[in-house]
Structures are given as structure tokens and as C-alpha cells.
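>>> structure for the following, please:
(chains A and B)
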Amino acid sequence: MARWMDVVPSQIMRLVQIGDGEAAERLLTSGALWVCAGCLTCTQRCPKKLDPAAVIDALKEMSYAQGKVSAGQRKVLAFHKAFLKVVENAGRMSEIPLTALYKMTSGDFFSDVTMAPKMLARRKLPLVPKIVRNRKQVKRIFAACRKGAH
Amino acid sequence: MAPLGYYPGCSDHGSGCELGMSVHALANLAGVELREVEDWNCCGASAAHNLSHDLAVALPYRVLALAEAQGLTEILTPCAACFSRLKGTVVRLARSAELVDKMKEITGLEYRGPLKILNVVEFLNRLLAGGLKDKLTQPLAGLKVAPYYGCLLSRGSEGVIEGDDAENPASMTAAIKAAGGEAVAWNFATECCGGGFSMSFTDAVVDLSEQILADARASGADIIVTGCPMCHSNLDMRQLTINARGRGPYDVPVLYLSELVGLAAGLDPKVLGLDRHFIDAMRIVARREAKADAPAHA
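Below is the predicted model:
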């Protein structure tokens, strides 16, 4: 994914080392954080045996908490948030609620509209989502993690 | 034989259903009982770790705690993404008693650990070594197969992938050979397909998946095999998007490794889910031959 990054993983690690206000701002507002797919190639190949993928995850969490997510990457953030909202409510991900919520919150209404009938035809789009029985426990986990973040 | 724990993952019910279907069919054939983790929840997949480190550990932790309470010691996790999250959590918890305490507080659940988490390739290799190999009576002789590991069956934090080379993995070779196929040498076996960005960054998924398809084709592969529902969706379903954008056109069937082994075992292709793919995979069925009729190879 590095080809879509404004700051590549090696530069991200250098900026973390520099660590001043300017470096932090550049890191937390970079689009690169949200372009990271978690493919772990940087961690696998780091000549210093560092774990840039874990560092990028931590930076994403900080960037989101401080409201500094790059405007260019709103769709990616909307997808992650929609995914977690569905899991918070149902305990599991299902394609229809996820797609509906993502489209509503991202403004990305019209992509892939022809895909749904094709998925239905292959019985790959369950109309009745499966949910966890003990949803209270799942909600408790989300609430506790949210609390811990503040 | 003690039952093996089973964590289907969310895609089992929808977009990635063929993986669970073929895994169940093979377990049945091998006489292995799969016992689902009761009331399992989503592992957080490609989303949780971006926004909350605690949540990315707590969601798999609940699954592990439930499995342990159920008396399970080993959990088959066919989805590569779920496998990566569950096993990564087992590894992290084993290293830090502090993290275990924190997760206990967040979830209210006990976990002692460590549980063993199996991915689909390890599971198939175990079945094959345990006698399934002798039941593969309808090999797909000469089928050229591109083994696609992607990210999460080749890389992980330390300890997640055992016994394979991250840069040149070979764990799928035995199953491909046992099914009568030939694993082709190619360049994109561990390249990323764009993973969870199918909807939110489709352009990247289209570019990356096209490169993978192009290299598979250039290597002479008849099919690609994978062990990941996200990779499968990006390579199979998104092949339509790639073609619709005027690239290609590509027409490469993408199978789960378990479907390929199931075919060689003579199982009904529909029971394996083969008729549910976007790029026709049923054409592979005709490549099966009964071993008894096959000419003896030197």
C-alpha cells in the first residue's frame, strides 16, 4: 500500500524518533496512517526488527482520538466506524447492515450497487443477520474500551 | 478423537461461505468433530485495531475465554484474518500477565490459556497426514495452482506463523500436490490484495488484485488458491470490477485450498460451495479423474 502513502513506513518511524510537535502533527494528520491495510510487510522486513505496523496502529488511535484524521481518508474511517458499530450492536458483522451504515455515513452511495443482486444470487448476502445472544457482554466490552481511552 | 474447537468468523455466514462449507465437508470425511465456540463474537477483524488497541485484544479475548470455559483446547479458525487476530491475541496474552488482568477487567471473563489456534492450511496438513491423503481418489491431475498466501497466512507478529518462511512460504504445497495439482512458482504469493479496503478504497484493491491475477496468469496457473475470505472476495468478486473497468479481461477461478482438497476427495462440488463463486469455478470439476483409470505415472 506504500504507493498511496504520503509518508512511507520508514519515514513514519523517523518522524516518531524526532518526536517534536511538528513531527507529531505531520504524523497524526497524514493520510498514510489510514492507507495502511495492516499487511505487515514493513514489520516483516524491518532491518532493525521494529514493528512499524503496530506503531501505525497506535498513531491511528491517537489521530482519531485527537480529531486529526486526514480529510482525504474519510471513507476509510467511516468504514472502520461502521464495522465496529455493527459489531457493537449485534456482536457480529453482517454484510447488509455494514454496507447500509457505511453508505449512509460515508456519502459513498452509488458504488457497487450492481454487486448486491450478484451476491444474492450466490446466496452470499444473508438477509437475516446472525447475532450474539449475550449482546450485553459485547456492549460492556465496547463501553470499557471507550472509557479506558479517555 | 477429542472434538476440535471451531471459530467460523462472520464471513462464514455470507461472503466467505465456501470456506466453512468445504472445511466442514472435509472434517466430516476425516471423522473429525468440529465444535463451534458457543455464542462467539466478531474478532474485530480489519477494523478494531485501527481505532482501539484494547478493543482489538478484548474482542478475541472473549472468544478465547468462552472456548476455554467450554473445555476446548484447540480452535480451528479457517478465516486467515480471524486466525491472525485470535492467534496474535493468544501470543500477546502469553507474554503479559498485566494484559490478561486488564482484559479480565474489561470483559469480566476468565482466561488462563494458552489455547492453540489452527489456520486452515495447518488443519488440512494435519488431516492429510492423518489419513485423508488416501481418500483423495479423484486427483486433479496436472492442474496448475498458484498458492496465494497473502498477508495473514505468511506474516504476523512473532509466533503467529509457525514453521514456514514468511518470504517464501510453502505450507500449501503438500495439499496442492496431494490433490494432484502442481504449485507454480510465481511472484505474488505473499503480496497484499488490499484486504479490508474492498468498499472504502476500491481503487487500491482493484490495482493490487489485478497485479496478483496478472502474475498468476503469466505463471501459467489454471487457478489461484487462498485461505482468506477477504483475499477471496478481492480476487474473485473484484475480478468483475477489474474487468468492468476495462482491464484484463481476467477469467481466473479462485478457490479456497479446502475446496481443492475436497474436490480431489470426490466430494460434491455444490457441498463445497464451488457453484457460489463469481468467476466460474465449476469448470475445474471436469479436471477430476478417477485414480483407478488414471495412467500409472513413473
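
>>> what parts of the stretch 151-298 of chain B come near chain A?
B:151-152, B:155-157, B:166-167, B:192, B:194-197, B:199-202, B:204, B:208, B:237, B:240-241, B:276-278 (Cβ under 8 Å from any Cβ of the partner chain). Yep, even glycine has a C-beta here, placed from its N, CA and C like the rest.

>>> filter the residues you listed down to just the ones in helices.
Among those, the residues falling in helices (DSSP state H) are B:Thr202, B:Ala204, B:Leu208, B:Leu240, B:Thr241.

>>> of the residues you listed, which pair is most distant in space?
Maximum pairwise distance among those (Cβ to Cβ): 16.9 Å, between B:Ala204 and B:Leu240.

>>> so between the two, which is more surrounded?
Set side by side, B:Ala204 and B:Leu240 show more neighbours around B:Ala204, with 21 against 16, by other Cβ atoms under 10 Å in any protein chain shown.

>>> look up the closest residue to the more buried one, ignoring the ones flanking it.
B:Gly194 (4.8 Å; Cβ to Cβ, 6 or more residues apart in numbering or on different chains).

>>> tell me how many other residues crowd that neighbour.
Quick note: B:Gly194 (other Cβ under 10 Å) scores 24 neighbours.

>>> what residues sit buried inside the strand or helix carrying B:Val271?
Using DSSP states H and E, B:Val271 sits in helix B:269-272. By neighbour count on 16 or more other Cβ atoms under 10 Å in any protein chain shown, the buried set for helix B:269-272 is B:Pro269, B:Leu272.

>>> for that helix, the distance to its chain's centre please.
17 Å (Cα atoms, centre = their mean, to the nearest Å).

>>> what's the answer for stretch B:83-98, then?
For stretch B:83-98, the distance to the chain centre is 20 Å (Cα atoms, centre = their mean).

>>> any idea of the mean pLDDT for it?
For stretch B:83-98, mean pLDDT is 97.

>>> need the residues that contact it.
With contact meaning Cβ atoms under 8 Å, 6 or more residues apart in numbering or on different chains, stretch B:83-98 is reached by B:7, B:43-45, B:49, B:56-57, B:59-61, B:63-64, B:75, B:77, B:99-100, B:103, B:111, B:113-120, B:152-153, B:156-160.

>>> mind checking how far the residue nearest the centre of chain B is from chain A?
Nearest to the geometric centre of chain B sits B:Gly227, at 2.1 Å (Cα atoms, centre = their mean). According to Cβ to the nearest Cβ, to the nearest Å, B:Gly227 stands 16 Å off from chain A.

>>> tell me the contacts of that residue?
By Cβ under 8 Å, 6+ apart, the neighbours of B:Gly227 are B:Leu19, B:Pro78, B:Ala80, B:Asn119, B:Val120, B:Val121, B:Tyr149, B:Leu153, B:Met172, B:Tyr256, B:Leu257, B:Ser258.

>>> try B:Leu255
B:Leu255 touches B:Ile223, B:Ile224, B:Val225, B:Thr226, B:Leu274, B:His277, B:Ala281, B:Ile284, counting by Cβ under 8 Å, 6+ apart.

>>> can I take it that it is in a strand?
Yes - counting by DSSP: H, G, I helix; E, B strand; the rest coil, one finds B:Leu255 located in a strand.

>>> is it in a bridge, and if so with what?
B:Val225 (DSSP bridges).

>>> where's the nearest residue to B:Leu34 once chain neighbours are set aside relative to chain A, distance?
Nearest residue to B:Leu34, sequence neighbours excluded (Cβ to Cβ, 6+ apart): B:Tyr6, at 4.0 Å. B:Tyr6 is 15 Å from chain A, where distance means Cβ to the nearest Cβ.

>>> quick one: B:Leu59 and B:Ala47 touch, right?
No - applying Cβ atoms under 8 Å, one finds B:Leu59 not in contact with B:Ala47, separated by 9.9 Å.

>>> neighbour-wise, which of these two wins?
Neighbour comparison, B:Leu59 and B:Ala47: the larger count goes to B:Leu59, with 29 against 25 (by other Cβ under 10 Å).

>>> which ones are touching the more buried one?
Residues in contact with B:Leu59 (Cβ under 8 Å, 6+ apart) are A:Val87, A:Ile141, B:Asn41, B:Cys42, B:Cys43, B:Gly44, B:Ala48, B:Arg85.

>>> my guess is A:Ile141 contacts B:Ile106, does it?
Yes - judged on Cβ under 8 Å, A:Ile141 makes contact with B:Ile106 at a distance of 5.9 Å.

>>> between those two, which contacts overlap?
B:Ala58.

>>> these two: who's more crowded?
Higher neighbour count among A:Ile141 and B:Ile106: A:Ile141, with 25 against 22, using other Cβ under 10 Å.

>>> in terms of secondary structure, what does the host helix or strand of that one contact?
Assessed by DSSP H and E, A:Ile141 sits inside helix A:135-148. Packing partners of helix A:135-148 (3 or more Cβ pairs under 8 Å, 6 or more residues apart in numbering or on different chains; DSSP states H and E): helix A:74-90, helix B:53-69, helix B:97-107.

>>> helices along chain B, start to end?
Going by DSSP H, chain B shows helices at B:17-30, B:45-51, B:53-69, B:80-95, B:97-107, B:120-129, B:173-178, B:202-218, B:229-232, B:238-244, B:257-264, B:269-272.

>>> and of the ones you listed, who's closest to A:Ala78?
Between those, helix B:45-51 lies closest to A:Ala78; by Cβ to Cβ that is 11.1 Å.

>>> what comes into contact with the closest one?
For helix B:45-51, the surrounding residues in contact (Cβ under 8 Å, 6+ apart) are A:34, A:37-38, A:57, A:60-61, A:64, A:79-81, A:83-84, A:87, A:93, B:9-10, B:55-56, B:59, B:81-82, B:85, B:195-196, B:230.

>>> so the chain: which segments form each domain?
If you meant another chain, say so; for now it's chain A. Chain A is divided into the following domains under automatic domain parsing: A:2-69, A:72-148.

>>> um, chain B though
Split by automatic domain parsing, chain B gives B:4-120, B:138-287.

>>> next, the distance between the ends of the shortest one.
By that I understand domain B:4-120. End-to-end distance for domain B:4-120, by Cα to Cα, to the nearest Å: 13 Å.

>>> again, but for the longest one
Counting by Cα to Cα, the length from the leading to the trailing residue of domain B:138-287 is 9 Å.

>>> any weak-confidence spans in the chain?
Here I'm looking at chain A. Chain A contains residues with pLDDT under 70 at A:149-150.

>>> let me rephrase: I mean chain B.
Along chain B, segments meeting pLDDT under 70 span B:1, B:291-298.

>>> please pick the buried ones from the residues of the stretch 151-298 of chain B next to chain A.
Buried, going by 16+ other Cβ under 10 Å: B:151-152, B:155-157, B:166, B:192, B:194-197, B:199-202, B:204, B:208, B:237, B:240-241, B:276-278, out of these.
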